[in-house]
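A.B. asks: Show me the folded form of this:
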Amino acid sequence: MASAGGGRLELLGGCLGADGAVVVWPHGTEVADEDPLSIRIPDNGIFDLGDQVEFGGGFVLEHSSDEVEPGPYEVAGVTVPAECAKYDVFLAY
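C.D. replies: Residues are numbered from 1 along each chain as shown. Take a look at the predicted model:
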């Protein structure tokens with residue numbers, strides 16, 4: 001599962017992701033500001049929407065077809081809502 005992840009921060013289905021995938025962020029990640037949206041990633045700093053970010057981890061859900069309608073998806077104790085689970089899901093560390 002270990003690989004490099006990242007990309008430009010973006011909203012996908014109402015969840016925060018990068019490079020077209022929803023990200024389950026490392027423990028301790030928090031919203032630093034809501035307007036404009038920015039997050040604080042432990043040991044990495046503060047990032048705004050559109051910023052480039054890199055992290056380790058791996059994909060825990062990948063879709064090969066848009067025809068699949070996933071429900072909520074549980075990842076490392078975090079529930080990824082159905083609207084967000086339509087995208088690939090990356091578990092970051």
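
A.B. asks: which element is the residue nearest the centre of the chain on?
C.D. replies: Centroid-nearest residue in the chain, with CA atoms, centre = their mean: Val23, separated by 1.3 Å. Assigned by DSSP states H and E, Val23 belongs to strand 21-24.

A.B. asks: Show me how far that strand is from its chain's centre.
C.D. replies: The chain centroid and the centroid of strand 21-24 are separated by 2 Å under CA atoms, centre = their mean, to the nearest Å.

A.B. asks: end to end, how far does stretch 5-18 reach?
C.D. replies: 8 Å (CA to CA, to the nearest Å).

A.B. asks: follow-up on the earlier one: could you verify my assumption that the residue nearest to the centre of the chain touches Phe90?
C.D. replies: Yes: assessed by CB atoms under 8 Å, Val23 is found in contact with Phe90 at 5.0 Å. To be clear about C-beta, it is placed using only N, CA and C from the backbone, and glycine gets the same treatment.

A.B. asks: which neighbours do the two share?
C.D. replies: Gly5, Gly17 (CB atoms under 8 Å, 6 or more residues apart in numbering).

A.B. asks: ok so Thr84 is a strand residue?
C.D. replies: Careful, residue 84 is Cys; it's not Thr. No: with DSSP: H, G, I helix; E, B strand; the rest coil as the criterion, Cys84 is assigned helix and is not in a strand.

A.B. asks: Please name the nearest non-neighbouring residue to it.
C.D. replies: Excluding its sequence neighbours, the residue lying closest to Cys84 (CB to CB, 6 or more residues apart in numbering) is Cys15, at 3.7 Å.

A.B. asks: Can you tell me who that neighbour pairs with across the strands?
C.D. replies: Beta-bridge pairing for Cys15 (DSSP bridges): Leu12.
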